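Participant: just need the structure, nothing else, for what follows:
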Amino acid sequence: MKNLLLALLLMTSANIYAQEFYDLNTVQNIEITFAESNWDQLLDAAYAADSGYILAESVMINGTVFDSVGVKYKGNSTYSSNQTKNPFHIELDTYKDHQYEAYTDIKLSNVAKDPSFLREVLSYQILRQYMDAPLSNYANVYVNGDLIGLYSNSESISKKFVNSRFGSKNNTFIKCNPPEGAGPQSNDFPNLVYLGEDSTDYYDAYELKSDSGWDQLIDLCDTLKNNLADIEEIIDVDRALWMLAFNNALVNLDSYSGGFSQNYYLYRDDYGRFLPVVWDLNESFGRFSMTGSGNLNSTTAKQNMSPLLHENDSDFPLIQQLMSVPRYKKMYLAHLKTMILENFDNGSYLTTGQTLQDLIKDDVQADGNKFFSYNNFISNLNSDVSGGGGGPGGGGTVGIGNLMNGRASYLLSQSEFTQLQPSITEVTISTDTPVVNEMISVTSRIADGDFAMLGYQSDEHAPFTKVEMFDDGLHNDGSANDGVFGTSFLISSASTQFYIYAENDDAGMFSPQRAEFEYHTITAAFSNTTAGDLVINEFMASNDATISDQDEEFADWIEFYNNSSSAIDMSGYLLSDDGTELDKWAFPDGTSIEAGGYLIVWADSDEDQEGLHADFKLSAAGESVLLSLPDGTIIDEISYVDQETDVSYGRFPNGVGDFQSMLPTFNAENSGLSSTSLEPKLNSQFTVRPNPVSNSFLLETNFQGLKESTVNVFSMNGSLILSQSFSQSILIEIGNWEKGIYVVRVGDSVLKLVVI
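Facilitator: The predicted structure follows:
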């Protein structure tokens, strides 16, 4: 048995995203310039009419200037035509194709409800430890040279966001906020209550951000109410539990867990599950008081809010139904306890809050349009602030430290959190050299637990497959009832992520404790791939008429060949045209190439098409093609110079030879015929005319006297189109041949035929 070095293998599911624009240690500088001096009136009028963006002459971000940019006011309760400092939405690509560090949408909140200036930025910082959430920091905003004030600057939850976190962007995407705004005037809340099969009954509570998806939303609501056993197939339950734990821990009631059941998104991944994403945290840390079943009008009431708020409330089915499953309830409480212990019981949130306030204090003091005093800003990190505030319901604001110190003490004293949790130690795998397609065992010593399971995945975006672990002496777990639990599963790719969950009658525990967002990782080798087994065999960097993909597009293509006697699993292999960025594109899970087989990848930057389409194109002017193992080991590489249109570059002999320009043999054995051999020669054994041809052509040999010959015509993918014997000459009708390039062979001579 081999002990895992957990400190080294503990990984987060989040990728490293470009963060300079959202660097927590830097206040951004954004300067908006309008040609009109009455820009505020124009923005107010556009907001009132919901008519979209106003053209800004320019927007400068940290010294980088963009001309012709869309700007509008945003917000619901934080917007007012009577105030100078309103929330902004800047869209860099409204009129021109601008982007800043790959971002196009900039969302700026005016901090109207928060004396501390911390609630949004600090809340997102805490949330990102447990689930995918927007990046967030601060920005000073100027308009026409005047400082409007200090804003919180939070990443937009857009198609770019879901694509960067979840690996897709074209599926059902729902903003769970009433399109007309939530408030006491409405009873239409995005609370996931099942309203029947008529999609129009959902229009007033949800905003569809994709072309379709109402049926999927209705299916989620129906499943919650009527088919809870299938809930994991339609929503990421663990992510939902983290969201609910976060809302409860931070008394974030302007959320699904509060009076309007709003301020979250649902994105449906490629596996058919909805993934919840939290947004709009300006009233976190107890600034909003409406629970939906009453108001928490005092600091004490907020400190002592039940950890199981809405457990029995049918108006909150995501809470009620998940809490009705004992295992989900224990998981939720384990997540909630982890969040409290890691942020609030140890006081780390106050350290972060103080650091952020020290960073922005001069900017807050310079903000002449802020909604609270500078003294309120300083004191609200710890103490309650009475009165003041912008927008409806300004009122008093509970101190973050006052609230959360009391809340941590309250929650940790409740019976749900004083129960003995299982402990999970000595996580072990059965081999220190795992190999792809090998069965391995994972064991762990678990105390005070009578049930354990392991969740594993081979694709970071895929649902975790869950298998029970046993302490029965039959699962590579030692002796029965010795406290060591074990299970086995197949390693199907180079990287496998897993976590362990254990429970007893009273409580549950995860390893790592931030699972499923964090996990342990196993890295496996590909034992059946050695140098020369799998090669780049042929490619075309300028495909004008040779072969089209399934959408009838003539794209660049790369052919691979398996020289070995066994199939090769290419799941997770990397393909690139840049030696400094080997992971430009990864082969999808389940991709394999048979012994002696060929595999084609289209290099067309069009991953939305069916089949294998890499996220880059080949340059006909010359570059490189690199094939790597998932760990970055390069197993084949070819550099090339200028390529001729409709001429490929491939190995001859097939699979092992040097590269040369040649007649394309798409998905077939390389012929070795050079492109120059296709040009007419004076001593050629035959001629064809006309060429190009549209109906028929005459083939004549240069042989003297009667001599029987055979003509073979091949398509550019190597398929035999025609084979016929003749003497001296033959008229060939092209019939229904597709337009493109063909090869005509007589004896050892070949010519290129163009069909138009």
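
Participant: can you spell out the domain ranges of the protein, please?
Facilitator: 2-11+426-520, 17-159, 162-345, 534-674, 679-755 (automatic domain parsing).

Participant: which non-adjacent residue is nearest Lys707?
Facilitator: In space, Lys707 comes closest to Ser727 once its chain neighbours are excluded; the distance is 6.6 Å by CB to CB, 6 or more residues apart in numbering. Using the backbone N, CA and C atoms, a C-beta is placed for each residue, glycine as well.

Participant: I'd assumed Thr710 was in contact with that neighbour.
Facilitator: No. The pair Ser727 / Thr710 is not scored as a contact, 10.8 Å apart, by CB atoms under 8 Å.

Participant: ok, Asp315 to Lys370 distance?
Facilitator: Applying CB to CB, to the nearest Å, the value for Asp315 to Lys370 is 36 Å.

Participant: and the helices in the protein?
Facilitator: 6-9, 39-49, 119-127, 159-166, 214-226, 237-249, 299-303, 317-323, 326-340, 348-366, 374-379, 400-413, 415-418 (DSSP state H).

Participant: just put these in CSV and tack on distance to Glu460.
Facilitator: Below are the helices of the chain laid out as CSV (distance: least, CB to CB, whole Å):
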stretch, distance to Glu460
helix 6-9, 15
helix 39-49, 40
helix 119-127, 19
helix 159-166, 10
helix 214-226, 23
helix 237-249, 13
helix 299-303, 37
helix 317-323, 24
helix 326-340, 20
helix 348-366, 27
helix 374-379, 40
helix 400-413, 32
helix 415-418, 31
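
Participant: mean pLDDT lowest for which of the ones you listed?
Facilitator: Among the helices of the chain, helix 6-9 carries the lowest mean pLDDT, at a mean of 34.

Participant: surely Trp737 meets Val755?
Facilitator: Yes. Counting by CB under 8 Å, Trp737 does reach Val755; the two are 5.3 Å apart.

Participant: hmm, back to that, how close does the residue nearest to Lys707 get to Phe554?
Facilitator: Distance, Ser727 to Phe554, using CB to CB: 38 Å.

Participant: who has more neighbours, those two?
Facilitator: Phe554 (17 against 12; other CB atoms under 10 Å).

Participant: how far away is the more buried one from Asn667?
Facilitator: Separation of Phe554 from Asn667 (CB to CB): 15 Å.

Participant: then Tyr202?
Facilitator: Taking CB to CB, one finds Tyr202 at 48 Å from Asn667.

Participant: who's more crowded, the two?
Facilitator: Shown here are Tyr202 and Asn667; by other CB under 10 Å, Tyr202 has more neighbours (21 against 18).

Participant: who's in contact with the more buried one?
Facilitator: By CB atoms under 8 Å, 6 or more residues apart in numbering, the residues touching Tyr202 are Leu195, Trp214, Leu217, Ile218.

Participant: highest neighbour count among those residues?
Facilitator: Neighbour tally across those (other CB under 10 Å): the maximum, 22 neighbours, falls on Leu217.

Participant: wait, that residue sits on Tyr206?
Facilitator: Yes. Using CB under 8 Å, Leu217 is in contact with Tyr206, at 6.5 Å.

Participant: which non-adjacent residue is nearest Gly292?
Facilitator: Of all residues beyond its chain neighbours, the one nearest Gly292 is Gly259 (4.4 Å), with distances taken as CB to CB, 6+ apart.

Participant: how many residues are close by the one you found?
Facilitator: A count of nearby residues for Gly259, using other CB under 10 Å, gives 20.

Participant: now do the contacts for Phe34.
Facilitator: Shown in contact with Phe34 (CB under 8 Å, 6+ apart): Leu42, Ile54, Ala56, Glu57, Val71, Val143, Asn144.

Participant: rerun that using 10 Å as the cut-off
Facilitator: Asp40, Leu42, Leu43, Ile54, Leu55, Ala56, Glu57, Ser58, Val71, Val143, Asn144 (CB atoms under 10 Å, 6 or more residues apart in numbering).

Participant: among the helices of the chain, which comes closest to Leu575?
Facilitator: Within these, the stretch nearest Leu575 is helix 159-166; the backing value is 19.3 Å (CB to CB).

Participant: what are the buried residues along that closest one?
Facilitator: If you call a residue buried by 16 or more other CB atoms under 10 Å, then helix 159-166 has these buried ones: Lys159, Lys160, Phe161, Val162, Ser164, Arg165, Phe166.

Participant: pLDDT score for the closest residue to the last one other than its chain neighbours?
Facilitator: By the measure of CB to CB, 6+ apart, the closest residue to Phe166 outside its immediate chain neighbours is Asp269, 5.3 Å from it. Reported pLDDT at Asp269 in the predicted model: 97.

Participant: quick check, Asp269 in contact with Asn170.
Facilitator: No. Using CB atoms under 10 Å, Asp269 is not in contact with Asn170; the gap is 11.1 Å.

Participant: mutual contacts of the two, please.
Facilitator: Residues touching both Asp269 and Asn170 (CB under 10 Å, 6+ apart) are Val162.

Participant: so between the two, which is more surrounded?
Facilitator: Comparing Asp269 with Asn170 by other CB under 10 Å, the one with more neighbours is Asp269, at 19 against 12.

Participant: state the distance from the more buried one to Leu192.
Facilitator: Distance of Asp269 to Leu192, given as CB to CB: 18 Å.

Participant: rank the domains of the chain by pLDDT, which is bottom?
Facilitator: Per-stretch mean pLDDT for the domains of the chain is lowest at domain 679-755 (a mean of 80).

Participant: ok now that one, how far from the chain's centre?
Facilitator: 52 Å (CA atoms, centre = their mean, to the nearest Å).

Participant: start at 582 instead
Facilitator: With the count now opening at 582, the last piece we talked about shows up as domain 1260-1336.

Participant: count of neighbours near Pro895?
Facilitator: Careful, residue 895 is Ser; it's not Pro. Neighbour count for Ser895, taken as other CB under 10 Å: 11.

Participant: for Asn829, give me its contacts.
Facilitator: Residues in contact with Asn829, defined by CB under 10 Å, 6+ apart, are 836, 838, 886-891, 900, 913, 916-917, 920-921, 988, 992.

Participant: ok, of those residues, which one's closest to Ser1147?
Facilitator: Nearest to Ser1147 among the contacts of Asn829, counting by CB to CB, is His916 at 44.3 Å.

Participant: can you tell me the closest non-neighbouring residue to the closest one?
Facilitator: Sequence neighbours aside, Ala826 is the residue nearest to His916 in space, at 4.2 Å (criterion: CB to CB, 6+ apart).

Participant: and the one you found, how many neighbours?
Facilitator: Counted by other CB under 10 Å, the residues lying close to Ala826 total 24.

Participant: can you check Ala1043 too?
Facilitator: Counted by other CB under 10 Å, the residues lying close to Ala1043 total 16.
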